[in-house]
Structures are given as C-alpha cells and as structure tokens.
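Engineer: Sequence first, predicted model second:
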Amino acid sequence: MGGGLAGLLAAIELAQAGARVTVLEAAGEFGGRARTREVDGFLFNRGPHALYRDGALKRALDSLDIRYSGGRSLSGARKAIAGGTLHPLPASFGAILGTSLFGLRDKAGYVRVFKAVMDGATGTASFARWLDDQQLTPMVRATVEAMARLASYANAAADISARAMLDQMRLATGGTLYVDGGWGTLVHGLAETARGLGVDLAGNTVVRGVRRVDGALALTLANGDTRHADAAILALGPREAAALAPQAASLADEAELARAVRANTLDLALRRLPPGAHDFALGIDAPVYFSVHSGSARLAPDGGALVHIARYLAPGDTSAADSVTELEAVADLVMPGWRTEVVSRQALRGMVVSNALPRWDRPRAAVRVAEEPGLFVAGDWVGEHGMLGDAAAASASEAAQAALHWLEGAQ
C-alpha cells in the first residue's frame with residue numbers, strides 16, 4: 001500500500017523473488033513526493049530534490065538499471081547569506097580561506113570541526129549536544145549548522161541524532177545529482193521495471209483498513225471491496241499507516257511521536273536568469289536555501305531557468321502568511337531582477353520533506369509491525385539506515401526481505 005519510492009522498490013524486490021505483488025495507490029499517479037509536473041516546458045519537482053551519489057537510493061536505482069542522467073555541480077561560486085549580505089560559502093578549502101564570514105581564528109576552528117566530521121566523528125546524544133562539545137564561536141557554529149541543514153534538510157539540531165546527522169554530512173561530501181527531467185523520470189523507470197516483473201500497479205485505489213482474518217490479511221477498500229493478502233507492506237507515512245491498522249499500538253506510537261521534517265518552498269520558472277544572478281546561496285543566520293537546479297539538470301526550456309528557494313522549518317514551526325514573501329526576499333538578494341522574468345511559480349507551505357527525524361532519544365520504527373504478523377512498514381521514517389530517499393530505499397529492501405521470510409514460513 002503506497003506507490004511512492006519505497007512502495008515501488010519493495011514491490012520490485014518481492015517480484016524478483018517470485019512473489020505475486022500488487023501495489024495499491026490512492027492517487028491517480030505513482031511517485032508520491034517524487035512526482036514531477038510540467039508547466040510551459042518547465043519540470044517542477046515538489047521542491048528541491050537531490051540524489052546523493054553515495055546513497056542507498058542511487059545504489060538501488062543503479063542495481064535495477066534504471067536509466068537517468070543529470071549534473072552533480074553548479075558552475076558559479078557558492079554564496080552564504082549572513083546579516084543580509086552575500087559572502088563566499090566555506091564549502092572548500094579555498095573558499096574557507098577567502099570567506100568574509102570568519103576571521104583567522106574562526107577559519108581555523110571551522111577547519112578543525114570539519115576535519116573531525118570527515119575523520120568519522122559520532123555521538124550518542126543530539127547534534128546540538130555534539131556541537132556544544134566542540135566549543136565553537138557563534139558564527140562557526142551557525143555555519144556548521146547551516147551545512148548540516150543543507151545535507152539533511154532538517155532544522156532540528158536539538159532533536160536529531162548526532163550519529164545520523166554526522167553520517168549524513170559525510171554522505172553529502174560525496175556530492176549530489178540533480179536529475180534531468182525531474183524525479184518523475186526515476187518514478188517512471190521504477191514503475192516500468194515493476195510492470196515488467198508482473199507487478200500489478202493499481203492506482204486510484206483507496207484502502208480504508210487492514211486486519212488479519214482467518215489466517216490472511218484482509219484489506220478493506222473505499223469502494224466496499226475486500227482484498228486478501230498473505231503479507232502486506234504499508235509504504236505510507238506513520239499517521240496513514242496507523243490509521244489503516246488501528247489495532248497496532250506500535251504504529252499509533254509512531255504516529256504520535258514522529259517529528260516530520262518540513263519546509264516552505266518557492267519554485268520559480270524564469271524566461272532567463274537575470275544578469276549577475278548567483279546560482280547557489282545558503283542562509284547562515286536564517287535557515288534558507290537558494291539553488292538554480294536547471295544549471296545542472298535539464299529542467300527548463302533552452303535559455304530558461306528553474307530556481308528553488310526554501311526555508312527549513314524547525315519542529316513546531318507553522319507556515320506564516322508571509323512565508324512566500326520571505327522566500328521572494330531571498331531571491332531579491334541573490335538574483336536581483338527576477339520578478340520581470342517569471343513564467344510560472346509553485347509555492348508549497350509546510351511541505352513534508354521527510355516523515356520523521358532520526359531522533360537521538362528513540363530509534364526509528366522497525367519494519368515488522370509487532371502486533372500484526374505478516375504486516376510490515378517502509379518509508380523514510382523506518383529503519384536505522386540513512387535519511388530522506390535513502391532511508392526509504394533501505395527500509396523498502398529490509399521490509400521486502402522480512403516479508404519474504406514471512407511468506408517462506410521463517411518467522
């Protein structure tokens with residue numbers, strides 16, 4: 001149940017092992033948050049998306065020979081935003097030496113902390129606690145936190161696991177890929193692979209509940225029909241999964257305790273990039289992000305530009321009425337003159353980037369639903385491996401293998 005990345009990947013792995021698989025998706029198209037829509041020749045993802053080159057999702061796609069292409073780097077100098085001014089972002093040794101963010105002592109401190117990260121630093125408490133132990137000046141700490149937000153999309157240093165965040169920062173140093181044609185190309189490749197293996201992809205199929213009846217799982221559909229399965233994977237968010245299996249107290253706990261990663265995003269389709277515009281900027285004293293993804297991937301018509309701007313929301317933050325105005329102000333600073341070039345725009349307030357933070361004080365959900373034999377979960381909130389799409393891919397494989405063991409009787 002659920003036809004996003006986790007659902008499609010789990011279905012493919014099960015089908016490869018010889019299981020008969022159906023994917024039930026409530027929407028009319030598959031992909032979930034990985035969908036892409038075309039407007040006037042521009043390809044809009046749901047906010048900024050990047051594929052980590054060393055991550056579990058890319059490994060899964062490559063192992064299935066899913067075809068995609070894209071670019072890994074931006075051409076211009078990256079900028080940092082602090083005090084309403086642009087500075088060189090200290091993303092390389094040369095940029096560290098040249099940045100106006102730091103004095104000489106702060107530059108040495110910044111190099112020291114990033115060397116610790118790259119040397120395998122970890123922690124058992126929160127990322128904020130790990131930063132406390134580094135004894136950093138306020139500007140260096142704010143910059144390290146900004147780089148961590150960039151790697152993880154998460155603005156929650158006090159809640160997120162230091163181990164998970166530090167691992168994610170190291171993963172990000174391997175680079176990211178902006179995908180030609182948007183992430184919808186990945187969804188299309190996965191769906192075609194699934195169909196080729198005999199998977200039944202059933203869109204516009206809403207499930208209302210799942211419960212074990214007479215040795216099988218009974219799935220109640222919104223149209224009143226009932227389907228039966230020997231095993232089922234809920235490739236949904238924690239609240240959606242808990243609603244379908246209210247008898248599972250463990251899912252109810254996840255639904256209550258999961259802290260979603262959210263962002264406000266503004267995506268701008270421009271006839272052209274204004275002269276003097278920068279192609280990347282990261283907020284230091286405010287949790288904002290700016291990037292011209294069409295500078296690396298085919299997302300816009302010839303001469304056009306597709307720009308992503310976002311604010312990483314802290315847990316509990318709400319989307320204020322002026323949230324889009326704030327993102328427009330970022331564009332004014334980094335890309336003056338953009339307003340006369342707009343072809344189309346997409347604003348997403350409070351968008352869910354990931355269904356749950358990897359918290360320092362409790363593990364993420366296990367793939368097996370303890371109260372319901374034969375029922376499993378997968379998604380970016382499940383398992384202990386990776387974050388974002390990489391967590392979805394890793395948990396999809398783990399859930400598929402657990403379901404196969406169940407089907408084989410090796411419980």
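Structural biologist: Right, received. Where do you want to start? Fair warning: this is a prediction, and the values are worked out from it, not measured in the lab.
Engineer: Can you pull the poorly scored residue ranges out of this protein?
Structural biologist: By pLDDT under 70, the low-scoring segments of the chain are 73-76, 410-411.
Engineer: Which segments of it make up each domain?
Structural biologist: What the record gives for the chain is the domain set 5-33+190-258+364-407, 91-176, from automatic domain parsing.
Engineer: For the stretch 201-350 of the chain, just list every one of the helices.
Structural biologist: Assigned by DSSP state H, counting those that start in this stretch, the stretch 201-350 of the chain shows helices spanning 238-244, 249-257, 323-334.
Engineer: Correct me if wrong: Leu333 contacts Lys79.
Structural biologist: No - if you go by C-beta atoms under 8 Å, Leu333 and Lys79 don't touch, sitting 9.3 Å apart. Any C-beta I mention is one placed from the backbone N, CA and C, and that applies to glycine too.
Engineer: Who has more neighbours out of the two?
Structural biologist: The residue with more neighbours, out of Leu333 and Lys79, is Lys79; 22 against 16, by other C-beta atoms under 10 Å.
Engineer: Beta-bridge partners for that one, please?
Structural biologist: Pro88, Ala281 (DSSP bridges).
Engineer: for the helices of the stretch 201-350 of the chain, which one ends up most surrounded?
Structural biologist: The highest mean neighbour count among the helices of the stretch 201-350 of the chain, using mean count of other C-beta atoms under 10 Å, belongs to helix 238-244: a mean of 21.
Engineer: how deep is Thr122 tucked in, by neighbour count?
Structural biologist: 14.
Engineer: How much space separates it from Ala116?
Structural biologist: 10 Å (C-beta to C-beta, to the nearest Å).
Engineer: same question, Ala403
Structural biologist: Distance from Ala403 to Ala116, by C-beta to C-beta: 40 Å.
Engineer: ok, back up a step: any chance of the domains of the chain in JSON lines, with distance to Ala314 too?
Structural biologist: Supplementary listing: the domains of the chain in JSON lines, determined by distance: least, C-beta to C-beta, whole Å:
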{"stretch": "domain 5-33+190-258+364-407", "distance to Ala314": "15"}
{"stretch": "domain 91-176", "distance to Ala314": "5"}
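Engineer: and Trp183, which of the ones you listed is closest to it?
Structural biologist: domain 5-33+190-258+364-407 (7.4 Å; C-beta to C-beta).
Engineer: tell me which element Ile376 falls in.
Structural biologist: Residue 376: Phe, not Ile. strand 375-377 (DSSP states H and E).
Engineer: Please verify my assumption that Glu384 contacts Arg359.
Structural biologist: No - in this structure Glu384 lies outside contact range of Arg359 using C-beta under 8 Å: 11.4 Å.
Engineer: before we move on, the earlier item: what about the helices of the stretch 201-350 of the chain, which gets the closest to Val210?
Structural biologist: Nearest to Val210 among the helices of the stretch 201-350 of the chain is helix 238-244 (5.2 Å), distances taken as C-beta to C-beta.
Engineer: Could you tell me how far the closest one lies from the centre of the chain?
Structural biologist: On the basis of C-alpha atoms, centre = their mean, to the nearest Å, helix 238-244 sits 20 Å off its chain's mean C-alpha point.
Engineer: cool, and stretch 232-246?
Structural biologist: For stretch 232-246, the distance to the chain centre is 19 Å (C-alpha atoms, centre = their mean).
Engineer: now swap in stretch 10-29 and tell me
Structural biologist: With C-alpha atoms, centre = their mean, you get 22 Å for stretch 10-29.
Engineer: Same question for stretch 86-96.
Structural biologist: The mean C-alpha position of stretch 86-96 is separated from the chain mean by 25 Å, C-alpha atoms, centre = their mean.
Engineer: Give me the contact list for that stretch.
Structural biologist: Outside stretch 86-96, the residues that touch it by C-beta atoms under 8 Å, 6 or more residues apart in numbering are 77-81, 98-102, 107, 110-111, 143, 147, 278, 280-282, 333-334.
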